[in-house]
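Asks: Output the structure for:
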Amino acid sequence: MSNEKEKLVFSGDDGIYLRLVTDITLYWRGSMFDHAQGIQNFYAKALGVIGSYLKFYRTESMEGSRPLKPDSLQLLPDWFTKRKGKGKGIYMLSLEGGDDRDEPSEHGFYLLADQEEETKVGVVRLILPSWFMDTGYESVANLLAQLVAGFDFDSGHAGFAVNWDPEGEYENEAASQMLMLAKKYPGIDLNYMDSTIIALQRSDAPSIKCVNWLTLTGAPLRQRLPALEDVREELGRSCPVHELPGCWVIQAGPAPVLGYPDRDEMKPYQRVGALLAPVRLQQHPAIFAESDPGYGTDEWLARLD
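Replies: As a prediction, this is how the structure comes out:
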């Protein structure tokens, strides 16, 4: 698989614009200020892992990334403790460790919260190198436990994903490459957070975006699922369900997979996907270039049902 992963870094004349990574992503409903403890803890634990790699930052009011300053990492805590920017409709913070401005890197953090709509929702994401989860659940168990502590989130996922800049010079190229990835590599989660935020707001109940190697179900979502013993019986030994304070972690196989060239390695993902299909988001706005009339975002999200 290592040779296949090495191919999944895409560059233009001005540098890398899309790359394979692993990530841990959590979604919540409600005001971000009602989730202050969980968000700040996630942020602090994430910085403990990637802080030394970070070089650039960007907020919702900036047109591009800027070099990290000594006080840049204090922006998010100040939103809560000093209520700086109180009353804003959108909160966004992106931290990256690339060598160039706006380069999607292997170490990053992302927060997006929509506070202006009636249904307030948000997402936090920790971006890690593509090899980070290769050794299986034990390699991320402690980190997951730390990240979710005290966080009343709805759902989340962890595994292979992509990092890209949806506002960058190569956004169209990245969106086209993601269509290729969607068709070829079913084990990679593709993302465009702006559209997922809209899908979450359209949903009248806690939902998952899609399953990945690890699918996290918070307390609000578990109310829509069978009892834990029934979930374990349905999934079998190939898909263990781990319990962390406040959430279940459903594991699809021993380690994350790409799903190419061996489609059979996706069977654990499909097992989890079939179980969770009733709580998956529907009518999701486009994540990637929908230039193929027969294959769009909804078809891609349903690939593991």
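Asks: Just read off the phi/psi values of S130.
Replies: Per-residue torsions, S130: phi -60, psi -20 (degrees, to the nearest 10).
Asks: what residues are up against it?
Replies: S130 makes contact with 5, 8, 19-22, 106, 160, according to Cβ atoms under 8 Å, 6 or more residues apart in numbering. From N, CA and C alone the C-beta is placed, and that goes for glycine too.
Asks: One more: C247?
Replies: 148, 153, 156, 216-219, 222.
Asks: Rebuild the residues you listed as a markdown table, extending it with distance to G168, pLDDT and neighbour count.
Replies: Formatted as a markdown table, the contacts of C247 follow (distance: Cβ to Cβ, whole Å; pLDDT from 0 to 100; neighbours: other Cβ atoms under 10 Å):
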| residue | distance to G168 | pLDDT | neighbour count |
| --- | --- | --- | --- |
| V148 | 30 | 98 | 24 |
| F153 | 28 | 98 | 28 |
| G156 | 26 | 99 | 29 |
| L216 | 29 | 99 | 28 |
| T217 | 33 | 99 | 25 |
| G218 | 32 | 98 | 23 |
| A219 | 37 | 96 | 13 |
| R222 | 37 | 97 | 19 |
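Asks: Show me the strands in this structure, by range?
Replies: All strands of the chain, identified by DSSP state E, fall at 9-12, 15-29, 56-59, 66-67, 90-96, 108-114, 121-128, 155-164, 214-218, 241-244, 247-251.
Asks: sorry, back to before: tell me the one among the contacts of S130 nearest to N41.
Replies: Compare each of the contacts of S130 with N41 using Cβ to Cβ and the shortest gap goes to T22, at 20.4 Å.
Asks: Can you give me the distance of that closest one to D152?
Replies: 24 Å (Cβ to Cβ, to the nearest Å).
Asks: cool, M180 as well?
Replies: Applying Cβ to Cβ to M180 and D152 gives a distance of 37 Å.
Asks: In terms of neighbours, single out the busier of the two.
Replies: D152 (17 against 13; other Cβ atoms under 10 Å).
Asks: Was I right to think the more buried one contacts M32?
Replies: No: using Cβ atoms under 8 Å, D152 is not in contact with M32, being 11.8 Å away.
Asks: What's opposite the closest residue to P240 other than its chain neighbours in the beta bridge?
Replies: Counting by Cβ to Cβ, 6 or more residues apart in numbering, Q251 is the residue found nearest to P240 once chain neighbours are left out, at 5.1 Å. Here Q251 sits in beta bridges with L214, going by DSSP bridges.
Asks: Would you check that Q251 makes contact with Y137?
Replies: Yes: counting by Cβ under 8 Å, Y137 is a contact partner of Q251 at 5.7 Å.
Asks: Compare these two (neighbour count), which wins?
Replies: Q251 (23 against 18).
Asks: That one and R237, how far apart?
Replies: Taking Cβ to Cβ, one finds Q251 at 11 Å from R237.
Asks: where do the helices sit along the stretch 201-305 of the chain?
Replies: 219-222, 228-235, 267-276, 297-301 (DSSP state H, counting those that start in this stretch).
Asks: Pull up the overlap in contacts between Q251 and Y137.
Replies: Going by Cβ under 8 Å, 6+ apart, residues that sit against Q251 and also against Y137 are 214, 240, 242.
Asks: Who wins on neighbours among the residues you listed?
Replies: Neighbour max across the shared contacts of Q251 and Y137 (other Cβ under 10 Å) = L214, 22 neighbours.
Asks: Surely that one and V140 touch.
Replies: Yes: if you go by Cβ under 8 Å, L214 and V140 touch, sitting 7.5 Å apart.
Asks: export the helices of the stretch 201-305 of the chain to a markdown table and tack on distance to L111?
Replies: Shown next, in a markdown table, are these (distance: least, Cβ to Cβ, whole Å):
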| stretch | distance to L111 |
| --- | --- |
| helix 219-222 | 19 |
| helix 228-235 | 30 |
| helix 267-276 | 25 |
| helix 297-301 | 23 |
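Asks: which one of the ones you listed lies closest to G187?
Replies: helix 267-276 (6.7 Å).
Asks: where does the stretch 51-200 of the chain have low pLDDT?
Replies: 84-86 (pLDDT under 70).
Asks: can you give me the helices for it?
Replies: Secondary structure of the stretch 51-200 of the chain (DSSP H, counting those that start in this stretch): helices located at 75-81, 141-148, 171-184, 193-202.
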